[in-house]
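Q: Need the 3D shape of this:
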Amino acid sequence: MAPTVFRTLLAFVALYAFMVGRRDERQVGMILVIGVIATHFAWSPVSQRFGNLELGVMIVDVVVFAGFLWVGLQSERFWPLWIAGLQLTTILGHVLKGVDSGLLSRAYGAALMFWGYPIVIILAIGTWRQHRRSREMREADA
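A: A predicted model of the protein is given here:
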């Protein structure tokens, strides 16, 4: 899908996480937004993109993974670890390109971009569930 679609979806989900989420949702949303911005500046020129290992993007992806893992290890919820795991599969795309430079550029590009959508969707679901849980607790106290 087009980067514009992903960025729009991310903007809405991150805004939702910042508005109604708690610490985990806000931290994951912030990591995602910063990661997308950093990745934008780390790409190779379009004419060379995915032809070789995208080292700058790989560094961003490793840092984003570390952030997700940090949130996941501190969280009482399991969904942040799912996000960290999906981010790890993105890193494996970089590893595969590093091991086999003949990996098709389209396959490499798809491996890097595919998991972004499920990560954003899991953040949306985690935020929604947290918001619903908080609302139910407030109603029970009232």
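
Q: low-scoring stretches of the chain, by residue?
A: The chain contains residues with pLDDT under 70 at 1.

Q: packing partners for the top helix by length along it?
A: Criterion DSSP state H: the longest helix present in the chain is helix 116-141. Helices and strands touching helix 116-141, by 3 or more C-beta pairs under 8 Å, 6 or more residues apart in numbering; DSSP states H and E, are helix 3-20, helix 23-42, helix 79-99. Every residue, glycine included, has its C-beta placed from N, CA and C.

Q: Of all the residues in that helix, which ones are buried?
A: 116, 119-120, 122-124, 126-128, 130-131 (16 or more other C-beta atoms under 10 Å).

Q: how far off helix 79-99 does that helix point, in degrees?
A: 170 degrees (axes from the mean of the first three to the mean of the last three C-alpha atoms, to 10 degrees).

Q: ok so, going back, let's have the buried residues of helix 116-141 in JSON lines, adding distance to residue 17.
A: Formatted as JSON lines, the buried residues of helix 116-141 follow (distance: C-beta to C-beta, whole Å):
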{"residue": "116", "distance to residue 17": "15"}
{"residue": "119", "distance to residue 17": "12"}
{"residue": "120", "distance to residue 17": "10"}
{"residue": "122", "distance to residue 17": "11"}
{"residue": "123", "distance to residue 17": "6"}
{"residue": "124", "distance to residue 17": "8"}
{"residue": "126", "distance to residue 17": "8"}
{"residue": "127", "distance to residue 17": "5"}
{"residue": "128", "distance to residue 17": "10"}
{"residue": "130", "distance to residue 17": "9"}
{"residue": "131", "distance to residue 17": "9"}
